[in-house]
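**Student:** generate coordinates for the sequence data below:
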Amino acid sequence: MTNDVATAWTRPPEWLPDTRSVVDQRIGTREEWAAAREELLAREKEHTRVGDELARQRRELPWVRVDEDYRLDTDDGPRALAELFDGRSQLLIYHFMFGPSYQAGCPINSSIADGVNGLVPHLNAHDVTMLFVSQAPLEKLQAYKRRMGWDFPWVSSANGEFNLDMGYSSSVEGTRAWVAQNLGSLPPIVDRNASASGTDVAGYLTESPGFSAFVLEDGVVYQTYATGWRGLEFLMGYYPILDRAPKGRDEDAGFQLWIRRHDEYDSQ
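**Tutor:** Numbering: from 1, shown residues only. Prediction:
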């Protein structure tokens, strides 16, 4: 099963955010602030309602039956996709960028995993199983998971076509050709993350981040939703918090260059 839709978000720089305009900050009175805040609150409420409508439209997407016999490597041995639901009816999978040539997981993906790790028990209580999948061998994933102190389930698709068919992994040859054509347009974060992951740019970009949702009905698995790249910001809890800080994300041309693995900040 090839997910052709995923090709729309496979690699940067198309997904990068627009360059923000510099704010000409002004100083005002408490009364001026209160009036401006009230006006902004109306727009924030409108934004929330738009989000509710988008959530409804996601739930209304048609389900696609998954007939392929995908088997992924887990801590308990190879398991079919239907078995990964672990007795629940919904399965959410994050496609974590950790390819065969990587020596460590992508720092940005690792920051996402930090935020999700503590939420898994709450999702489980709501009939949702969430796990991570990567192309690297299971032994590498297990070692990195121990280093990071994570508890969530992490499976390997190294011995199957799951990640390839979902559109989040590509061949080294095809990726190397694409990189050769686009090397001058790649943002600095790509080279930095490749180095931090212990591979080169082409090896790094064989993987793409993604999120896939599935449901199990009468023993049949259906895919219900998928997104990637900037569509994954809902998993990056620090961004909505920074959006409410006085200086915002404050990244400009240094997009995501500040992000490290959580055990690396003190070593800067």
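
**Student:** from here on, contacts and neighbour counts on C-alpha atoms
**Tutor:** Will do.

**Student:** extract the C-alpha trace of stretch 216-225 and format it as PDB.
**Tutor:** What follows is stretch 216-225, C-alpha atoms only, in PDB (Å, rounded to 0.1, in the frame of the first residue of the first chain):
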ATOM      1  CA  LEU A 216      -9.500  -1.800  14.200                       C
ATOM      2  CA  GLU A 217     -13.100  -2.800  13.400                       C
ATOM      3  CA  ASP A 218     -14.200  -6.400  13.300                       C
ATOM      4  CA  GLY A 219     -10.600  -7.600  13.000                       C
ATOM      5  CA  VAL A 220      -9.900  -5.300  10.000                       C
ATOM      6  CA  VAL A 221      -7.300  -2.500  10.200                       C
ATOM      7  CA  TYR A 222      -8.200   0.800   8.500                       C
ATOM      8  CA  GLN A 223      -6.000   3.900   8.100                       C
ATOM      9  CA  THR A 224      -7.900   7.000   9.000                       C
ATOM     10  CA  TYR A 225      -5.500   9.900   9.000                       C
END
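
**Student:** give the buried residues for stretch 78-88.
**Tutor:** Neighbour counts over stretch 78-88 (16 or more other CA atoms under 10 Å) mark 78, 81-82, 84-85, 88 as buried.

**Student:** just send the residues you listed back as a markdown table, with distance to residue 254 too.
**Tutor:** Listed next are those as a markdown table, based on distance: CA to CA, whole Å:
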| residue | distance to residue 254 |
| --- | --- |
| 78 | 41 |
| 81 | 39 |
| 82 | 41 |
| 84 | 38 |
| 85 | 39 |
| 88 | 41 |
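
**Student:** in strands only, show me these.
**Tutor:** If you go by DSSP state E, the buried residues of stretch 78-88 have residue 78 in strands.

**Student:** in terms of distance to residue 142, which of the buried residues of stretch 78-88 ranks first?
**Tutor:** The closest of the buried residues of stretch 78-88 to residue 142 turns out to be residue 78 (CA to CA; 14.8 Å).

**Student:** how about the contacts made by that closest one?
**Tutor:** By CA atoms under 8 Å, 6 or more residues apart in numbering, the residues touching residue 78 are 71-72.

**Student:** partners of it in the sheet?
**Tutor:** When bridges are called by DSSP bridges, residue 78 pairs up with residue 73.

**Student:** gap between it and residue 211?
**Tutor:** As for residue 78, its distance to residue 211 is 21 Å (criterion: CA to CA, to the nearest Å).

**Student:** over to residue 49?
**Tutor:** Residue 49 is 23 Å from residue 211, where distance means CA to CA.

**Student:** of the two, which one has the most company?
**Tutor:** Set side by side, residue 49 and residue 211 show more neighbours around residue 211, with 21 against 12, by other CA atoms under 10 Å.

**Student:** tell me the contacts of that one?
**Tutor:** Counting by CA under 8 Å, 6+ apart, residue 211 makes contact with 92-95, 226-228, 232.

**Student:** hang on, isn't residue 151 packed against residue 116?
**Tutor:** No: using CA atoms under 8 Å, residue 151 is not in contact with residue 116, being 10.0 Å away.

**Student:** so where's the chain uncertain?
**Tutor:** Within the chain, the stretches falling below the threshold (pLDDT under 70) are 1-23, 267-268.

**Student:** mind listing the helices in the stretch 151-268 of the chain by residue range?
**Tutor:** 162-166, 172-182, 188-196, 201-204, 238-242 (DSSP state H, counting those that start in this stretch).

**Student:** contacts for the fourth one?
**Tutor:** Contacts of helix 201-204 with the rest of the structure, by CA under 8 Å, 6+ apart, involve 97, 99, 101-102, 172, 175-176, 179, 190-191, 193-195, 197.
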